[in-house]
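Undergrad: predicted model and sequence below, questions to follow.
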Number of protein chains: 4
Amino acid sequence: MTLFDVSPRVRDLHGRLTAFMDAHIYPNEAEFHRQVNEGNRWEHVQLIEDLKPKAQAEGLWNLFLPPSSDPDGKYGGGLTNLEYARLCEVMGQVWWAPEVFNCNAPDTGNMEVLARYGTPEQKAQWLTPLLNGEIRSAFSMTEPEVASSDATNIQASIVRDGDEYVINGRKWWTSGAGDPRCTISIFMGKTDPSAERHLQQSMILVPMDTPGVTTERMMTVFGYDDAPHGHAEMTFENVRVPASNMLLGEGRGFEIAQGRLGPGRIHHCMRLIGQAERALGLMIERSSQRVAFGKPLAGHQHVREAIAHSRMEIDQARLLTLQAAHMMDTVGNKEARGQIAAIKVVAPNVALKVIDRAIQVFGGAGVSQDTPLAMMYAQARTLRLADGPDIVHTETVAKEELRRHGVSMRRG
Amino acid sequence: MTLFDVSPRVRDLHGRLTAFMDAHIYPNEAEFHRQVNEGNRWEHVQLIEDLKPKAQAEGLWNLFLPPSSDPDGKYGGGLTNLEYARLCEVMGQVWWAPEVFNCNAPDTGNMEVLARYGTPEQKAQWLTPLLNGEIRSAFSMTEPEVASSDATNIQASIVRDGDEYVINGRKWWTSGAGDPRCTISIFMGKTDPSAERHLQQSMILVPMDTPGVTTERMMTVFGYDDAPHGHAEMTFENVRVPASNMLLGEGRGFEIAQGRLGPGRIHHCMRLIGQAERALGLMIERSSQRVAFGKPLAGHQHVREAIAHSRMEIDQARLLTLQAAHMMDTVGNKEARGQIAAIKVVAPNVALKVIDRAIQVFGGAGVSQDTPLAMMYAQARTLRLADGPDIVHTETVAKEELRRHGVSMRRG
Amino acid sequence: MTLFDVSPRVRDLHGRLTAFMDAHIYPNEAEFHRQVNEGNRWEHVQLIEDLKPKAQAEGLWNLFLPPSSDPDGKYGGGLTNLEYARLCEVMGQVWWAPEVFNCNAPDTGNMEVLARYGTPEQKAQWLTPLLNGEIRSAFSMTEPEVASSDATNIQASIVRDGDEYVINGRKWWTSGAGDPRCTISIFMGKTDPSAERHLQQSMILVPMDTPGVTTERMMTVFGYDDAPHGHAEMTFENVRVPASNMLLGEGRGFEIAQGRLGPGRIHHCMRLIGQAERALGLMIERSSQRVAFGKPLAGHQHVREAIAHSRMEIDQARLLTLQAAHMMDTVGNKEARGQIAAIKVVAPNVALKVIDRAIQVFGGAGVSQDTPLAMMYAQARTLRLADGPDIVHTETVAKEELRRHGVSMRRG
Amino acid sequence: MTLFDVSPRVRDLHGRLTAFMDAHIYPNEAEFHRQVNEGNRWEHVQLIEDLKPKAQAEGLWNLFLPPSSDPDGKYGGGLTNLEYARLCEVMGQVWWAPEVFNCNAPDTGNMEVLARYGTPEQKAQWLTPLLNGEIRSAFSMTEPEVASSDATNIQASIVRDGDEYVINGRKWWTSGAGDPRCTISIFMGKTDPSAERHLQQSMILVPMDTPGVTTERMMTVFGYDDAPHGHAEMTFENVRVPASNMLLGEGRGFEIAQGRLGPGRIHHCMRLIGQAERALGLMIERSSQRVAFGKPLAGHQHVREAIAHSRMEIDQARLLTLQAAHMMDTVGNKEARGQIAAIKVVAPNVALKVIDRAIQVFGGAGVSQDTPLAMMYAQARTLRLADGPDIVHTETVAKEELRRHGVSMRRG
């Protein structure tokens, strides 16, 4: 990956991060699951709390924060999307690792929203403890009753009533809501159903302990509950919050969502590439040790083909994602729209292909709790749906491409 | 599917079975999971016990038994592979349904082995209660330490000591061992490591409560424990069983395994086709109801393409499987070897493609507990590994094809 | 392929046909191309004329004619679609072979149309010499200016003027028009542009030597001109034919087209399966003889995988096609609509996959004139377009499937 | 493609080259074929001769020459692989265009070999007229009798006899040999069959008019003869050339071949990406103009998906190729071996997918002479075979990846 010059600072961070993963994350993978399984699952994991100060001490904290949100790097950030992308790939190799570095979704997106659009009071109350890793947060957008592929469908209501807003709605896939330290949610809903289509939605801060907020159940992904993080189905019944909890202003929910999506997609995609790279590493390790029909698995041509195609697909997906990150850094999210949509299609599908091949090389171990592969698969599979299914992003790529050729075509 | 003439008896059974599924199985899918989740998971499910007598009363019991094992149909069987295949597809649409009809793996295979090779005493003790659905059974073959793709690798030992055999070994993926009613296991291991490669292995009956038999843990499959059935990792330490528990004779384990595999693969494949058909049905239902971008999902061409390709792939996989069943009925398992290998590759892969499309149409619901799709996917994925990975069967197809053209080629 | 009982008559025909191919067709493949290349390309090939009487003498003549068109088998036909399908697969293994048996497109479709809808005079003038193999015929439907995927687009006009019709239009891909013995064309065009959409088109007989009929050029298909058969672009300028040349009646062009399509698709698909089977045979032959990296190509796993996947795909495609044929025979073309659409998608794509793998195994020889593979590929590729592109038939499969589930959905 | 900084010189060349293509190449595509078809096919095309001085005048000449071979840029070169790659993509959009810029294979590779390894006399006699575009050259390596995937198989002999070498052998796919101006061939054969495997082969200069050199026939690719360039099958019978025609020294053929391959693969791949980009452009143009079922083709979702997937695949393949070029420039051909192998697999397959989709969008026109698509397809297909089939390069990628992980594995 010599294509992109990497600054000395990023090279140094990359080295330290890799060393941290080797020293503290990979050796603790079983321990993480042991702690979750031995508790009631929905408690915060002590292992992560123990590792956080270590990560902070190493300067591996809040690295996701873009220069605009952390111009002096005082929170730990200040990296461009292209620079952070390379680090994000490393963290993504273990699904619970990003939280150790305070770089996990949806907190990263929520922190960015607060840093960019929050009032000083909102920042003091929520952003500071989030940046310190003291609390966790959720993002309540998707609804069970409507097709999430079309965000204008969102039906939850946010109605002004004096100095308060009254919130009603049912949300699901509210990720992170399982963690008892999750105390705040950014909630998306309609303030004005009669407004122009992209001005109907607003985002508002809803503390999780507000009366009327109920976690109905935790969703499973394939058979995983992803405890203690989790994905909640929640109801909001006549939930009242101060009017000052509104973010940016009524009707600006879409605008916030747009700003949030670009970096989030880079993060998701680079984590997926990290997962794919890890799956490939596991596949190679297994295929050099396990013997079948008289020779190591890597002695069988179809295993070597699996390895080679994985290498070729990962390298292409990484380059495409880095290119999208670079375009965001240089020409902006709007101009990079087609590229961002493209990686959202490419990265999960490549990760799934590679992980699936690794599962096949591992046999029964591959689908079981003995490797991280099946859980990786479940998470990568979800990313073909979350934040819009493949087809929605594919349509965006097509639309941008047609426009580049001067053809305007509405969705048919 | 008018290609294959169906006898009046089978047409009648098909009708009754379908009616039973509609009346008793589909409406109880949530209830099944409720009972499992509310208990300690590893208890027998009352719902199934309640439904068994109903199935017996309808004459929908032990239908899997081939004519050779049940010539008078007194146990409920007597259908050809081709005939039973059509019924197996129907039962397979819900993963726990086959047990209601006493047609679930691995009990079916175990019952066939006992019916075909068991002594009168073995039959009286184990086959009768199995045929009555009073007990359950397991099949202990796969081992964690060796590549299961090559069955000659199996390392467990079965050593004669006076009137007993002493059994030692570690097995995993012993399916069905989670159920407390599972009281007997057919165990495969080496009686003579110095014998010719295909005469080293034997099969022996091991009661689950024999001292030295330990369930170490239950494996998960993409996060699912498949309770109460389950897949156990078990150790056998100096387990002693009477010499009369040997099946067929020392060194005949491979011979038994071969006889067992053919029908088992037809069953697996037809259940997979049932699952694929069900996933397609769910996909169509969802796509006619859910609206996105102003029209039902089925109004979007890529959804219609998903439906059409699923239809085409399912129909082909079904015809191929029925053909393999027909060949087993007419020319025998050995001659049908290539066809049996082919369906073992084709059916799981087709099922996975169709289920995956259905998941995509359902969005978040598709990967969650709200549809059977994610669990179907996990099970179908496992069938690309269980009983030999794809590549092993692909090699068999190639070998048979080369032989048909007069080319002999050893595995390279 | 034991699934389908084959009658003794068909078994006998199959044996004689295979023997004829072995004796007269395969050994003459190079000779055919030599004769075409040595002449001016657009002359009738003497080899074919020499073989025709041999085929007639063997009773291998006009086998395509359905029982309804040849109830007494006096022309050589009388086979069901299912029966003829198996023979069609054999003939299809060499692209010019069907003509030797008077079973080549578009003559077969044209003969069927004349047999079913022709007046006694039309039959005497055109059907009899066609059945005798004395003349050849063409079918003029596709137009360069409009999307052929939607047959209602056809723009050519057929206007009544006294006792004559006046025909104007531009057609291309008029297959068979290159042969100097091609003396008659069935022409499709609009008689009433104001009629209901499916009643605008008519079919009419146009002798090729009528003034105003001009062959503008011959189309190439991946560089092949398919001489002497060929695919013409033709103009029809004020072409006048007697009113008695109208087939069935004005406005019934669609009706005729529908009747013609079903059997034609079975034929195309079975020939494609024949081609795929032949490509697989060549692949196996080559891979057993050619050595690379110290062993025969078949000693390399990826070659064996190519062979195995080809076998699995061909068997599935054949079964699907035979099923469609059987449904046409038993429930009729209309009920079998979904199945006929399905094979039109499946068969060419399977053939292309198999042929492509064979090309890869042959290396440079595979794309050259030294094997029939590249030409097979070109022809199979065209069949993903001819008679409607894949997507049109995929839509039909989806529509039928949705209808079966009670969902009505217009093309979106 | 903002990822890679492009120097002002390259930006300027890119602009001029694009303008030249627009002014002189695209408008003359039909004219090129007209001139070939109207002549005897195997004459040099006047159009190309007319355009060469224009290209020279624009400074668009010999741009392929690397800095090492043209340090002062006096022949027109001096660009890095990364820089030239971008220009090569533009030229590649029309198959005969590279010759206009004296940048066509195999002349480019031959000129590089002569520039790097030629003696002053060899350079004066052959390199100078090649650089001037006055003569053409061929490369005689592949043999019909042996698997070209393994270059050590080559059997032709080069035997020293006094001051001469005597050459015997049969070669095919000697590209460029059809052109009457092709006067020199670089010939590969064995000088010492008993030497170590990689020291057996040598390369020697063989003038095409030497007695004993015979063009037996021209190969076709699909149905194309690629006249007047062409691909010859040639025999060399007791061909005698001066000993001074030896390149670099006996036994160094492999060494020369290795040096030649890296840049050649970058060129091939970038031309393929150019072809894919052009096919995508044509697809978009067609889909915005052609109407089916009441809306432009681009109004159909499956067409938009074809466009989007093409865009995503092309961008990834281009990035991978540019990365490989950059690695060659910075760490050398040997270190970049895995990357060079990867693009040799990726680029032709991506081009084929995109071109195939474009063909489908065009319908009959897509396979015919009316678009460049079918010929593009034939050429791209050949590049999955030429210079080693996919599997050979896939094995190289796997080997490098395994080595990177410390696993050594011989081809099994």
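TA: Nice, thanks for sending it over.

Undergrad: how about the residues of the stretch 151-300 of chain A near chain D?
TA: A:280, A:281, A:284, A:285, A:287, A:288, A:295, A:296, A:298, A:299, A:300 (Cβ under 8 Å from any Cβ of the partner chain). The way it works is simple: take the backbone N, C-alpha and C, and place the C-beta from them, glycine included.

Undergrad: ok, the first one to residue A:349 distance?
TA: Applying Cβ to Cβ, to the nearest Å, the value for residue A:280 to residue A:349 is 15 Å.

Undergrad: separate out the buried members of the residues of the stretch 151-300 of chain A next to chain D.
TA: Neighbour counting over those (16 or more other Cβ atoms under 10 Å in any protein chain shown) leaves A:280, A:284, A:285, A:287, A:288, A:296, A:298, A:299, A:300 as the buried ones.

Undergrad: can you redo the residues of the stretch 151-300 of chain A next to chain D as JSON lines with secondary structure, pLDDT and distance to residue B:78?
TA: Formatted as JSON lines, these follow (DSSP: H, G, I helix; E, B strand; the rest coil; pLDDT from 0 to 100; distance: Cβ to Cβ, whole Å):
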{"residue": "A:280", "secondary structure": "helix", "pLDDT": "98", "distance to residue B:78": "51"}
{"residue": "A:281", "secondary structure": "helix", "pLDDT": "98", "distance to residue B:78": "53"}
{"residue": "A:284", "secondary structure": "helix", "pLDDT": "98", "distance to residue B:78": "51"}
{"residue": "A:285", "secondary structure": "helix", "pLDDT": "97", "distance to residue B:78": "51"}
{"residue": "A:287", "secondary structure": "helix", "pLDDT": "96", "distance to residue B:78": "47"}
{"residue": "A:288", "secondary structure": "helix", "pLDDT": "95", "distance to residue B:78": "51"}
{"residue": "A:295", "secondary structure": "strand", "pLDDT": "93", "distance to residue B:78": "46"}
{"residue": "A:296", "secondary structure": "strand", "pLDDT": "95", "distance to residue B:78": "48"}
{"residue": "A:298", "secondary structure": "helix", "pLDDT": "96", "distance to residue B:78": "49"}
{"residue": "A:299", "secondary structure": "helix", "pLDDT": "96", "distance to residue B:78": "47"}
{"residue": "A:300", "secondary structure": "coil", "pLDDT": "97", "distance to residue B:78": "43"}
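
Undergrad: which member of those residues is positioned nearest chain B?
TA: residue A:300 (7.5 Å; Cβ to the nearest Cβ).

Undergrad: just want the phi and psi numbers for that closest one.
TA: Dihedral pair for residue A:300: phi -100, psi 130, per degrees, to the nearest 10.

Undergrad: go on, residue A:182?
TA: According to degrees, to the nearest 10, residue A:182 has phi -80, psi 110.

Undergrad: quickly list what it is bridged to.
TA: residue A:136 (DSSP bridges).

Undergrad: of the buried ones among the residues of the stretch 151-300 of chain A next to chain D, list those near chain B.
TA: Under the cut-off given by Cβ under 8 Å from any Cβ, chain B has residue A:300 from those close to it.

Undergrad: taking the buried ones among the residues of the stretch 151-300 of chain A next to chain D together, which two end up most distant?
TA: Maximum pairwise distance in those, criterion Cβ to Cβ, is 17.8 Å, between A:280 and A:299.

Undergrad: tell me which helix or strand the closest residue to residue A:333 other than its chain neighbours sits in.
TA: Distances taken as Cβ to Cβ, 6 or more residues apart in numbering or on different chains place residue A:262 nearest to residue A:333, at 4.0 Å, with adjacent residues excluded. When elements are assigned from DSSP states H and E, residue A:262 belongs to helix A:253-289.

Undergrad: after that helix comes which helix or strand?
TA: Downstream of helix A:253-289, the next assigned helix or strand under DSSP H and E is strand A:291-292.

Undergrad: do that next one and chain C meet?
TA: No: Strand A:291-292 is not in contact with chain C by Cβ under 8 Å from any Cβ; minimum separation 12.3 Å.

Undergrad: sec struct for residue A:312, please.
TA: helix (DSSP: H, G, I helix; E, B strand; the rest coil).

Undergrad: for residue A:179, same thing?
TA: Classified using three-state DSSP, residue A:179 is coil.

Undergrad: which residues of chain A fall in strands?
TA: A:136-140, A:157-161, A:164-175, A:182-190, A:201-207, A:213-218, A:231-242, A:291-292, A:295-296 (DSSP state E).

Undergrad: which bits of the stretch 251-400 of chain A sit near chain B?
TA: Near chain B, when you scan the stretch 251-400 of chain A using Cβ under 8 Å from any Cβ, you find A:290-293, A:297, A:300, A:302, A:359-360, A:363-369, A:374-375, A:377-378, A:381-382, A:384-386, A:389-391.

Undergrad: near residue A:356, how many other residues are there?
TA: Using other Cβ atoms under 10 Å in any protein chain shown, residue A:356 has 21 other residues around it.

Undergrad: for the residue lying closest to it once chain neighbours are set aside, give me its contacts.
TA: Nearest residue to residue A:356 in three dimensions, chain neighbours excluded: residue A:377, at 6.7 Å (Cβ to Cβ, 6+ apart). By Cβ atoms under 8 Å, 6 or more residues apart in numbering or on different chains, residue A:377 lies in contact with A:222, A:352, A:355, A:356, A:359, B:222.

Undergrad: take those residues and lay them out in JSON lines including pLDDT.
TA: Listed next are the contacts of residue A:377 as JSON lines, based on pLDDT from 0 to 100:
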{"residue": "A:222", "pLDDT": "97"}
{"residue": "A:352", "pLDDT": "98"}
{"residue": "A:355", "pLDDT": "98"}
{"residue": "A:356", "pLDDT": "98"}
{"residue": "A:359", "pLDDT": "98"}
{"residue": "B:222", "pLDDT": "98"}
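
Undergrad: looking at these, state which has the most neighbours.
TA: Neighbour counts for the contacts of residue A:377 (other Cβ under 10 Å) peak at residue A:355, which has 31 neighbours.

Undergrad: against which helices or strands is the lowest-mean-pLDDT helix or strand in chain A packed?
TA: Of all helical and strand segments in chain A, the minimum by mean pLDDT, DSSP states H and E falls on strand A:291-292, at a mean of 90. Of the remaining helices and strands, none touches strand A:291-292 by 3 or more Cβ pairs under 8 Å, 6 or more residues apart in numbering or on different chains; DSSP states H and E.

Undergrad: sorry, back to before: PyMOL command for the buried members of the residues of the stretch 251-400 of chain A next to chain B?
TA: The PyMOL selection below is limited to those of these classed as buried (16+ other Cβ under 10 Å):
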select buried, chain A and resi 290+292+293+297+300+302+359+360+363+364+365+366+367+368+369+374+375+377+378+381+382+384+385+386+389+390+391
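
Undergrad: restricted to helices, list the residues of the stretch 251-400 of chain A next to chain B.
TA: Judged by DSSP state H, helices contain the following of these: A:302, A:359-360, A:364-367, A:374-375, A:377-378, A:381-382, A:390-391.

Undergrad: buried residues, stretch A:41-52. List them.
TA: A:41, A:42, A:43, A:44, A:45, A:47, A:48, A:51, A:52.

Undergrad: quick one: which of those sit in helices?
TA: Per DSSP H, the buried residues of stretch A:41-52 map to helices at A:47, A:48, A:51, A:52.

Undergrad: contact partners for the nearest residue to the last one once chain neighbours are set aside?
TA: Pointing back at residue A:52 there. In space, and not counting its chain neighbours, residue A:52 is closest to residue A:133: 5.4 Å by Cβ to Cβ, 6+ apart. The neighbourhood of residue A:133, defined by Cβ under 8 Å, 6+ apart, consists of A:52, A:56, A:61, A:102.

Undergrad: what pLDDT does residue A:133 get?
TA: For residue A:133, the pLDDT comes out at 96.

Undergrad: next: residue A:341.
TA: Predicted confidence (pLDDT) for residue A:341: 97.
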